[in-house]
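# I'd like to go over a predicted model; first the sequence, then the structure.
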Amino acid sequence: MTALLRMEELTVVPVKSPQRKLVNQVSFVLESGKTTCVVGESGSGKSLTALSVMGLLSEQLQRIHGRVIFQGRDLASLSSEEMRGIRGKQIGMIFQEPMTSLNPVLKVGYQIGESLTEHLGLRGKALRAKVGSLLEQVGIPAERADSYPDELSGGQRQRVMIAMSIACEPAMLIADEPTTALDVTVQAQILKLLDELKTRMNMGMLFITHDFGVVADIADDVVVMFRGEIVESGPVAEVLGNPQHPYTKALLDCVPDADGKKPLKPIDYAWLTNGAHP
Ligand SMILES: Nc1ncnc2c1ncn2[C@@H]1O[C@H](COP(=O)(O)OP(=O)(O)OP(=O)(O)O)[C@@H](O)[C@H]1O
């Protein structure tokens, strides 16, 4: 079976100091209908990996090596116009903070509709019906299309972002810490919704998180990143059930108990660097 996304030895560096490898030789595969979680602490290179898939690295950064093959095509070989056609249509995206992605002065229904008009040419009644149906698919009554973002709760705003990201029925969804800003109960609801949509629409989901609790809930496969490199990857049951790398073990130690009471332990970097357990 051809993979939906095949990342081959992706390497990202700052243009001005190309010896600093922010993402170093990262390779993994994502299949349709599956979720691959990229997990690691802040600064490990997760977001740069996701942005590379979208062709959205900032101008100060460049990919010096590797390929990003989506549906059999190397995304780097596409023009910016072709890439714009893929973003939002074949690859959907959601990010951590819906308020920064939603325009506060436009009704949410209008904002969901924009990409339907741009990519699918929908207008008028057909557009309104599709927007209503998308809102209902993410658990929001259709009439909330006329609400402004600040009239919705944080969880509802993230649901609106999900509706926007799936509007064109993309083959792949990239979710970068989509639940981090939400409280635990809402987080669980959003994860469940994403998981259901992934299965129903047979999407591949690339899910970026620093939280192994989230990985346990949602991943089929997991890629553990540390300082720009993959230290461990594989099916979630294997990586969580029998972690091999000290960094994975240390991150797993940081997961709070179900009641959320276990204090977070600081990660012992000396141990990681020497390989000797303290
Ligand atoms: N434009 C840039 N120029 C130089 N370094 C950068 C740039 N953007 C990001 N970095 C660095 O690249 C590294 C990886 O960043 P990235 O955002 O991918 O981390 P992350 O794992 O997603 O962390 P977080 O969860 O905090 O977003 C970090 O050390 C960051 O400081």
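Alright, I've got the coordinates.

# Every contact and neighbour count from this point should use C-alpha atoms.
Will do.

# residues making contact with the longest helix along the chain?
Secondary structure of the chain read by DSSP state H shows that its longest helix is helix 184-201. Applying Cα atoms under 8 Å, 6 or more residues apart in numbering, the contact partners of helix 184-201 are 33-34, 138, 155, 158-159, 162, 169, 179-180, 203-205, 217-218.

# try stretch 24-35
Contacts to stretch 24-35, defined as Cα under 8 Å, 6+ apart, come from residues 2-12, 36, 65-66, 171-172, 198-199, 201-207, 218-221, 223, 228-230.

# how about the strands in this structure?
5-14, 23-30, 35-39, 61-70, 73-74, 91-94, 172-176, 204-209, 221-226, 229-235 (DSSP state E).

# closest to Ser147 out of those strands?
strand 91-94 (19.9 Å; Cα to Cα).

# Give the buried residues for that closest one.
91-94 (16 or more other Cα atoms under 10 Å).

# Okay, now the unreliable bits of this protein?
1, 98-99, 255-278 (pLDDT under 70).

# What is the nearest of the buried residues of strand 91-94 to the ligand?
Ile94 (13.7 Å; Cα to the nearest ligand atom).

# which one is that closest one nearest to, not counting chain neighbours?
Nearest residue to Ile94, sequence neighbours excluded (Cα to Cα, 6 or more residues apart in numbering): Ala175, at 4.8 Å.

# For that neighbour, give the beta-bridge partners.
Counting by DSSP bridges, Ala175 forms beta bridges with Ile94, Phe207.

# Over to Phe70?
Applying DSSP bridges, one finds that Phe70 bridges with Leu5, Arg73.

# my guess is it contacts Arg6, does it?
Yes. With contacts counted by Cα atoms under 8 Å, Phe70 reaches Arg6, the gap being 6.5 Å.

# Residue of the stretch 51-200 of the chain nearest the ligand, please.
Nearest residue of the stretch 51-200 of the chain to the ligand, counting by Cα to the nearest ligand atom: Gln60, 5.1 Å away.

# List the residues that contact that residue.
Gln60 touches 14-16, counting by Cα under 8 Å, 6+ apart.
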